[in-house]
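Participant: from the sequence below, what's the structure:
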Amino acid sequence: MTPEQVAAASKPLVLELGEAFARCPSTLRRARLLGISGWAFYITGRAGALGDVRAETVAAALGFIAPEAVADGWDAAVRTVPPLEVAGANLAECCRWGAANLGDVPETSRLAGLLRRAVDAADGSGMPLFAAWRAMPVDDPAPGARAAVALLLLREHFAGAYLLAVRAAGMTPLEAVLAGPEGDAGAAACGWPPPYPPVGPLVRRRLWAEAVTDRLVSPAFRALGPGEGAELLNLLTAVRLGLRGR
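Facilitator: Residues are numbered from 1 along each chain as shown. Model (predicted):
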């Protein structure tokens, strides 16, 4: 498989697995311990790696979430706890989830190693959120924790690449969400209020942006040797099947 083929095939797996920890009830309980809402924890836990910045900067980095919705979560959180502290709590939850859910998966260490090589080789140009997360220290040596963190990082790399591709396609982030599989429901979930523009003319542009995303991410997978791309896909598929079977 070529690196671009690996990027295209791994994208849905990475996007699903890289955020699985965020849906865990224990992760949501961490928000209450910090004294903030679940939405504030999601926004600040994800963007807090950027440090003490304005909500406008966070909205620009996240891209696909409405700026007003970003500001609601970010400003509410930073009044209570520093952004880096929330990001650290989010990272700790990712490690906890990974150790609990991926630790007994066959070849977890191998999965973590392959993912980390891709993450280390990724080009972070124009992707501040990915670069900020890659710079966050990870103290948990457990293979499951390392695999979960690498999935989180690779997910942010895909998300950052897609945002660049969408803008290059001449689309706004809202238009990209509307042209995606969830349509209006996806836009509402991301905080964008109706009425929404028609999406018919946007679908082709979105498909072009998806292909460009794969090209932008593909250099990360050049770090893998012959056959290792297919091996990574097999391991990711096994992990997803295992988690869905629980």
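Participant: wait, residue 152 touches residue 18, no?
Facilitator: Yes. The criterion here is CB atoms under 8 Å, and residue 152 meets it with residue 18 at 5.1 Å. Every residue, glycine included, has its C-beta placed from N, CA and C.
Participant: between the two, point out the one with more neighbours.
Facilitator: residue 152 (28 against 23; other CB atoms under 10 Å).
Participant: look up how far residue 20 lies from the more buried one.
Facilitator: Residue 152 sits 10 Å away from residue 20, taking CB to CB, to the nearest Å as the criterion.
Participant: kindly list the longest helix within this structure.
Facilitator: helix 143-168 (DSSP state H).
Participant: need the contact partners of the helix or strand just after that helix.
Facilitator: Going down the chain from helix 143-168, the next helix or strand is helix 173-178, by DSSP states H and E. Helix 173-178 is contacted by residues 63-64, 66, 162-163, 166, 184, 186-187, 190, 192, 196-197, 199, 202, 205-206, 209 when judged by CB atoms under 8 Å, 6 or more residues apart in numbering.
Participant: with stretch 140-157 instead?
Facilitator: The contact list for stretch 140-157, computed with CB under 8 Å, 6+ apart, reads 14-15, 17-19, 21, 91, 94-105, 108-109, 111-112, 115-116, 118-119, 122, 124, 127, 129-130, 133-134, 138, 217, 220.
Participant: redo that, cut-off 7 Å
Facilitator: Here stretch 140-157 makes contact (CB atoms under 7 Å, 6 or more residues apart in numbering) with 14-15, 17-19, 21, 91, 94-95, 97-99, 101-103, 108-109, 111-112, 115-116, 118-119, 122, 127, 129-130, 133-134, 138, 217, 220.
Participant: give me the buried positions along that stretch.
Facilitator: Buried residues in stretch 140-157, counting neighbours by 16 or more other CB atoms under 10 Å, are found at 140, 142-157.
Participant: now do that stretch: distance to the chain's middle.
Facilitator: Between the centre of stretch 140-157 and the centre of its chain there are 11 Å (CA atoms, centre = their mean, to the nearest Å).
Participant: give me the mean pLDDT for it.
Facilitator: For stretch 140-157, mean pLDDT rounds to 96.
Participant: low-confidence ranges, this structure, go.
Facilitator: Low-confidence segments of the chain (pLDDT under 70): 246.
Participant: same thing but 90
Facilitator: In the predicted model of the chain, residues 26, 28, 103-106, 139-141, 197-203, 226, 242-246 satisfy pLDDT under 90.
Participant: break down it into its strands, ranges please.
Facilitator: Using DSSP state E, the chain contains no strands.
Participant: show me where it has its helices.
Facilitator: Using DSSP H, helices in the chain cover 3-17, 25-34, 38-47, 55-62, 67-78, 83-101, 108-121, 128-134, 143-168, 173-178, 183-189, 203-221, 228-244.
Participant: in PyMOL, how would I select just the buried ones from the contacts of helix 173-178?
Facilitator: Only the buried entries of those go into this PyMOL selection, using 16+ other CB under 10 Å:
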select buried, resi 63+64+66+162+163+166+186+187+190+192+199+202+205+206+209
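Participant: contacts only, for residue 233.
Facilitator: Residue 233 touches 6, 9, 10, counting by CB under 7 Å, 6+ apart.
Participant: just among those, which is most surrounded?
Facilitator: Using other CB under 10 Å as the neighbour criterion, residue 10 leads those with 25 neighbours.
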